[in-house]
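>>> Could you work out the structure for the sequence below:
(2 chains)
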Amino acid sequence: MLRLENVGLKYGDGPEILRDVSFAVHPGDFYFLTGPSGAGKSSLLKLLFLALRPTRGTLRIFGEDVGTLSHGNLPLIRRRIGVVFQEFRLLDHLSTYDNVALPLRVAGRSESSYRRDVMDLLDWVGLAQKSADLPPVLSGGEKQRAAIARAVIAKPQLLLADEPTGNVDPVLAKRLLHLFLELNRLGTTMLIATHDKGLVRQAERPVLHLEEGTLSLQ
Amino acid sequence: MKPGAIIPANAASLTSLTVTMAVMCYLACLAIGALILVDRAVTSWTSGLSREMTIQVRVVRDADIDKEVEKARSITAAFPGIVEADVLDESEGAKLLEPWLGTRSLTGLPVPRLIRVVSDTDHPPDALALQKALSQVKGASLDTHQKWEVELTRMARALSAVSYAILLLICVSAVAIVIFATRAVLQANRHIVDLLHLVGARDSYIARQIDGRFVRTGLLSGFIGVGLGILTFLLLGLFGGGSESGVAAASWGLLFSAPRVALWSYGMLFAVPLAATLICLITARITLIRRLGVVT
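Below you'll find the model as predicted:
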């Protein structure tokens, strides 16, 4: 599903943020990505959700070489990936319902075809009562759950999450972990970047550790 | 539940674009109005000129001018393709010279006599043959007005070319302004565009979310421009003053002539909002697709 071979990344003429990163993720895998701040976790995730392209090495996603992928083919790959951004990236002018439905809407689905799915998911993450609210009036935890709901609404094959429990209390963090484990059990491949050692311990899943731009399996 | 607009309408105001485009459309209306007026004026002048000719009989020593004039008239009247040949009497001739000589008496001056000739437009006469036939009349010469017709046509073509050039410049400026505005809208909504890309939106989908606003702007500014243009022609028609063939009459004629002619004028003027909308839509779409391709 994901294969990185000697991947390097740098911004402009700056130093390499990632150096010779190599690893493979297979369908159904669940990995945590850990490492100190500034180690390059977010940059690695950006590579994986195709916001950046590697400056060297080979990155293959769903069998496609990202280095040679045309701009026109990016949307089809991205629709198979769900992303939970560290800063949520909810659109403040859209309701929680519209934010969660966004991936289905851009894929060309009609509102009537996804209304029930979105409401069910909002109910599952405990936001059914907030479906008409705008993100600015949601709490940090509610925003986090809305962002997760948006990432999984289109049933992606791969879910990438950047600090998904960074803004929530331990109880909600545990609940979100169960949500991720459930999604994984249902077949979604997971890669979660986190600082939360408790979360990693509870899940008992393999950890990819990134330090000074170099990746190792722990 | 109707989904909310993905790109908020108030994220980047297009008011400045609407005002600028309305001014462009107004200028385009004036240029089109000028084109129509020049075309009509030239058609009217040249049809009159090409239908008429003038025979001038100069005073020649040892010749009876009245006899020579009558001889020229009878030759001309009998010539194939001539409908009418009228001798202008001396007072009419004097009236023609009034702008240069004033109203003083012309008695004693060797003023040439004129014969107004009207030709059959369907079967025009052979001007060269007529000129040859008139060579037997002392002091006679034929003026076919061809020289003036050529000059008028040349001037009209120059004016038309200037109007077309102005229209072209307006279009180029409009395209440049729309490109600038599109980039501004894209920049103001960059975070939304990035997110849409990341959740799998195609460039064409994102472009459709934005270019609808440009279509509405083009249409609105086009109609404002045409409205102002028609108001200008109306005011010129009402208060422009001048003679029957002056600016006022021409402006009035542009709006209130025979239905077929007026329909053509209005058609040309109302092509402006259509053109403005197309310019806005096509330019915004191309700019968006090009820029969106660069964004990721």
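>>> make it CA atoms for all contacts and neighbour counts henceforth
Fine.
>>> OK, now which residue of chain A is nearest to chain B?
For chain A, the residue closest to chain B is A:P75, as judged by CA to the nearest CA, at 4.2 Å.
>>> show me the residues around A:T68 that make contact.
For A:T68, the contact set (CA atoms under 8 Å, 6 or more residues apart in numbering or on different chains) is empty.
>>> cool, and A:P136?
A:D92.
>>> Test for you: state the pLDDT assigned to it.
A:P136 is assigned 95 on the pLDDT scale.
>>> Quickly note the distance from it to B:A72.
Distance of A:P136 to B:A72, computed by CA to CA, to the nearest Å: 97 Å.
>>> phi, psi of the residue nearest the centre of chain A?
Of all residues in chain A, the one closest to the mean position by CA atoms, centre = their mean is A:L160, 2.4 Å from it. Main-chain dihedrals, A:L160, degrees, to the nearest 10: phi -110, psi 130.
>>> Against which helices or strands is the helix or strand hosting B:L159 packed?
Using DSSP states H and E, B:L159 maps to helix B:146-188. Judged by 3 or more CA pairs under 8 Å, 6 or more residues apart in numbering or on different chains; DSSP states H and E, helix B:146-188 is in contact with helix B:15-51, helix B:259-295.
>>> so how far is the first one off the chain centroid?
Using CA atoms, centre = their mean, to the nearest Å, the distance from the centre of helix B:15-51 to the centre of the chain it belongs to is 4 Å.
>>> Which strands and helices lie in contact with that helix?
Judged by 3+ CA pairs under 8 Å, 6+ apart, helix B:15-51 is in contact with helix B:146-188, helix B:203-239, helix B:247-256, helix B:259-295.
>>> The helix or strand following the longest one and chain A in contact?
Next in sequence after helix B:146-188, counting helices and strands by DSSP H and E, comes helix B:190-198. Yes - contact between helix B:190-198 and chain A is present through B:192, B:195-198 (criterion: CA under 8 Å from any CA of the partner chain).
>>> which of the residues in stretch B:116-136 are buried?
For stretch B:116-136, the buried set under the neighbour-count rule, 16 or more other CA atoms under 10 Å in any protein chain shown, comprises B:116-119, B:125, B:130-131, B:134.
>>> Please list all residues in contact with the residue of chain B found nearest chain A.
Taking CA to the nearest CA, chain A has its nearest neighbour within chain B at B:G200, 4.2 Å off. Taking CA under 8 Å, 6+ apart as the criterion, B:G200 is in contact with A:74-79, A:103, A:106-107.
>>> so can I have CSV of these showing distance to B:A181 and neighbour count?
Shown next, in CSV, are the contacts of B:G200 (distance: CA to CA, whole Å; neighbours: other CA atoms under 10 Å in any protein chain shown):
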residue, distance to B:A181, neighbour count
A:L74, 27, 20
A:P75, 26, 21
A:L76, 30, 14
A:I77, 31, 18
A:R78, 29, 23
A:R79, 30, 24
A:P103, 28, 26
A:V106, 24, 20
A:A107, 28, 17
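>>> hang on, the earlier thing: can you tell me, leaving aside adjacent residues, what's nearest to the residue of chain B closest to chain A?
What sits nearest to B:G200 in space, not counting adjacent residues and going by CA to CA, 6 or more residues apart in numbering or on different chains, is A:P75, at 4.2 Å.
>>> Check B:P110 too.
Once flanking residues are discounted, B:P110 sits nearest to B:V59: 5.8 Å by CA to CA, 6+ apart.
>>> Check whether that neighbour sits in a helix, strand or coil.
coil (DSSP: H, G, I helix; E, B strand; the rest coil).
>>> Next: B:R116.
Three-state call for B:R116 (three-state DSSP): strand.
>>> so what's it bridging to?
Here B:R116 sits in beta bridges with B:T54, B:D86, going by DSSP bridges.
>>> My reading is that A:L191 lies in a strand. Confirm?
Yes - checked against three-state DSSP, A:L191 lies within a strand.
>>> Select, from the residues of helix B:190-198 next to chain A, the two members most distant in space.
Farthest-apart pair in the residues of helix B:190-198 next to chain A is B:I192 and B:L198; separation 9.8 Å (CA to CA).
>>> The two - which one has more neighbours?
In terms of neighbours (other CA atoms under 10 Å in any protein chain shown), B:L198 is the more surrounded of B:I192 and B:L198; the figures are 24 against 20.
>>> Double-check A:E16 against A:A39; I have them as touching.
No - A:E16 is beyond contact range of A:A39, at 11.0 Å (criterion: CA atoms under 8 Å).
>>> Of the two, give the one with the bigger neighbour count.
A:A39 (19 against 16).
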